[in-house]
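>>> need a structure here:
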Amino acid sequence: MTSTNSNPPQPLEDVRILSLALNLPGPAALMRCRKMGATCIKLEPPGGDPMSHYNKAAYAQLHEGLKVLTADLKTEAGQQTLHCELASAEVLLTSFRPSAIEKLGLGWEELHRLYPVLSQIAIVGSPGERAEEPGHDLTYLADNGLVPGLELPATLYADMAGSLMASEAALQAVMTQRISGKGVFIELALSDAAAYLALPRHWGLTQPDGAVGGAHAGYRVYACKDGRVAVAALEPHFAAALCAAAGVAASDIRSLLKPDTRQQIEGFLLTQTRQELKTLALAKDIPLHTMA
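Residues are numbered from 1 along each chain as shown. All right, here's what the predicted structure looks like:
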């Protein structure tokens, strides 16, 4: 769904963000920050961002409106370019391991000494002492119980959640700077982003016996006559409308947790085409979405 607000708030207007972060989380965070009004500059190595090679369309969308410069940070010329940009930036975004940060001369203690007003947002894989451990989106999701079968997750949840946390951190940093006049260091871990997404599962909500994990007959994915249908009739009035349409005598939440109720709804939906279900949803105010 696209926003209908043609003039969204610009809380990062006049804020310059310099990014050294490659691949997905950093650029996605930068994309969010630019939409909040920030001026965004990115330094890429001579070989470019890997995303520009394996998915040009994604790279183009992520970097729309950004100023992209090339700099080899392992050379004196590259360091000069870096520090020239740092001198006018309010926020630095990185996605290196701490050891790599130190080798580039960007440890927080030295950075803060040189640029007291500058804030750094460091995206790492795991927090604290585990920040040097190798990992990617899939391993962080797996570590938090979000890969229950053999299939890959539908999207890069940890990376995208991490990008949202990074853009949130940019707002936190700017607010702190405006109050104290000094920059701050914020480390955020993609594994923590995965853990945050996993909270409903840890609470039991999305486990197989949880209300939104499959136990509730009104909140499931079913087969229909020519495809699939995602049904989200969780609230009592939605569930009642679904049961009435399916001819199921379900009086309360306990009824909707019974296997026979689920089987009756399943049988009804198998008789319906996607178009019939769309028509039914509009007529009876039932939240559902059909899929091929």
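>>> which residue ranges make up the domains of the chain?
16-201, 211-291 (automatic domain parsing).
>>> what ranges do the strands span in the stretch 51-200 of the chain?
Taking DSSP state E, counting those that start in this stretch to define them, one finds strands in the stretch 51-200 of the chain at 67-70, 91-94, 119-124, 185-189.
>>> can you tell which of the ones you listed is closest to residue 133?
Closest approach to residue 133 among those (Cβ to Cβ): strand 119-124, 9.2 Å. C-betas here are computed from N, CA, C, even on glycine.
>>> just the CA trace of the closest one, in CSV.
The C-alpha atoms that make up strand 119-124 are tabulated as CSV, following Å, rounded to 0.1, in the frame of the first residue of the first chain:
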residue,chain,number,x,y,z
SER,A,119,27.3,10.3,15.5
GLN,A,120,28.1,6.8,14.4
ILE,A,121,25.5,4.1,13.7
ALA,A,122,27.3,0.8,13.5
ILE,A,123,25.3,-2.1,12.0
VAL,A,124,26.8,-5.4,13.1
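>>> now do that strand: distance to the chain's middle.
17 Å (Cα atoms, centre = their mean, to the nearest Å).
>>> quick one: average pLDDT of that strand?
Per-residue pLDDT over strand 119-124 has a mean of 97.
>>> that one - which strands sit beside it in the sheet, and in what orientation?
Strand 119-124 pairs in its sheet with strand 91-94 (parallel), strand 185-189 (parallel), by DSSP bridges.
>>> against residue 246, how distant is residue 281?
According to Cβ to Cβ, to the nearest Å, residue 281 stands 13 Å off from residue 246.
>>> re the thing from before, so which of the strands paired with strand 119-124 is the most packed in?
strand 91-94 (a mean of 26; mean count of other Cβ atoms under 10 Å).
>>> flag every buried residue along stretch 31-45.
Residues of stretch 31-45 classed as buried by neighbour count (16 or more other Cβ atoms under 10 Å): 31-36, 38-44.
>>> swap that for stretch 121-132, sorry
Applying 16+ other Cβ under 10 Å to stretch 121-132 flags 121-126, 131 as buried.
>>> so how far is it from its chain's centroid?
17 Å.
>>> swap in stretch 78-91?
Relative to its chain's centre, stretch 78-91 lies at 28 Å (Cα atoms, centre = their mean).
>>> same question for stretch 284-292.
25 Å.
>>> which residues does residue 194 contact?
137, 140-141, 143-144, 146, 157-158, 161 (Cβ atoms under 8 Å, 6 or more residues apart in numbering).
>>> of all these, which two lie farthest apart?
Largest pairwise distance in the contacts of residue 194, by Cβ to Cβ, is 14.0 Å, between 143 and 161.
>>> I'd like to know which elements the lowest-mean-pLDDT helix or strand in the chain is packed against.
Lowest mean confidence among the helices and strands of the chain (mean pLDDT, DSSP states H and E): helix 253-256, at a mean of 90. Helix 253-256 sits against helix 236-246, with contacts defined as 3 or more Cβ pairs under 8 Å, 6 or more residues apart in numbering; DSSP states H and E.
>>> helices and strands around the helix it packs on, which ones?
Helix 236-246 packs on helix 253-256, helix 259-270, helix 274-284, going by 3+ Cβ pairs under 8 Å, 6+ apart.
>>> helix or strand: which one has the residue lying closest to residue 85 once chain neighbours are set aside?
Leaving aside its chain neighbours, residue 85 sits nearest to residue 18 (5.0 Å; criterion: Cβ to Cβ, 6 or more residues apart in numbering). Assigned by DSSP states H and E, residue 18 belongs to strand 16-19.
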